[in-house]
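Q: test case, fold it:
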Amino acid sequence: MYQKSVNHPANRDSLALPPEVYEAMFELFEQICRFWNNLPNPDQYKSRLFAFMDNRIKLRPEYLGYYTSARITLIEMIKEMGEADAYRTLFTDTAANQAPPGTPLALVRQKVSNEFVAFQVSQGGFKAFSGAINYPNFIAGAYVPGEPAPYRTTGEGLP
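A: Next comes the predicted model:
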């Protein structure tokens, strides 16, 4: 059932995240785009991502800590294993996706990275996987084997 969310009363006058946390979270978003190779120009989504993060914090104040600790965890991982391996581990380590999160890596994956992936898909990231020419950010209708696709595929061309 739908339940309306409201700003948490303890968070009405809270301070914004420090700029270095915003930048680290945007770097994470850019790495998601590179890893999945599905949003060619992530810079255009920067302000939307920051608004998403701010709204998340207003609704659930614990996200202030999630974003801050994600930055620290990523810095430590990059120092320990290098940037490419750190992000690859974050995105692919199956143990990091086991709930509830029991490690800093699992917390970053489940509370930050996975939500950024969902945000990225909502902004058009799925379009690279669909093969659709006229994809407007979502695909409606079911794909039933043997029936035509509910969207125009690249094989059909434009009118």
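Q: tell me the SS of the most centrally placed residue in the chain?
A: Closest residue to the average C-alpha location of the chain: residue 116 at 1.2 Å, with Cα atoms, centre = their mean. Assigned with DSSP: H, G, I helix; E, B strand; the rest coil, residue 116 falls in the helix class.
Q: and residue 29, how close does it get to residue 44?
A: Note on residue 29: its distance to residue 44, by Cβ to Cβ, to the nearest Å, is 12 Å. Using the backbone N, CA and C atoms, a C-beta is placed for each residue, glycine as well.
Q: and those two? Which one has more around it.
A: residue 29 (26 against 10; other Cβ atoms under 10 Å).
Q: still on that earlier bit, surely the residue nearest to the centre of the chain and residue 45 touch.
A: No - taking contacts as Cβ atoms under 8 Å, residue 116 lies outside contact range of residue 45: 10.2 Å.
Q: what touches both of those two?
A: residue 29 (Cβ atoms under 8 Å, 6 or more residues apart in numbering).
Q: for this structure, which spans come out with low pLDDT?
A: 1-15, 125-144, 148-159 (pLDDT under 70).
Q: if we go to 90?
A: The chain contains residues with pLDDT under 90 at 1-16, 36-41, 58-59, 97, 99, 117-159.
Q: show me where it has helices.
A: 19-36, 46-59, 62-81, 83-92, 104-108, 114-120, 127-130 (DSSP state H).
Q: which of those helices sits closest to residue 98?
A: Nearest of those to residue 98, taken as Cβ to Cβ: helix 104-108 at 6.7 Å.
Q: which other helices and strands does that closest one contact?
A: Under the contact criterion of 3 or more Cβ pairs under 8 Å, 6 or more residues apart in numbering; DSSP states H and E, helix 104-108 touches helix 62-81, helix 83-92.
Q: now that helix - C-alpha only, PDB.
A: The C-alpha trace of helix 104-108 is given here as PDB (Å, rounded to 0.1, in the frame of the first residue of the first chain):
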ATOM      1  CA  PRO A 104      31.700  -1.400   5.100                       C
ATOM      2  CA  LEU A 105      31.800  -2.700   1.500                       C
ATOM      3  CA  ALA A 106      28.400  -4.300   1.800                       C
ATOM      4  CA  LEU A 107      27.000  -1.100   3.300                       C
ATOM      5  CA  VAL A 108      28.300   1.000   0.400                       C
END
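Q: much appreciated, bye for now.
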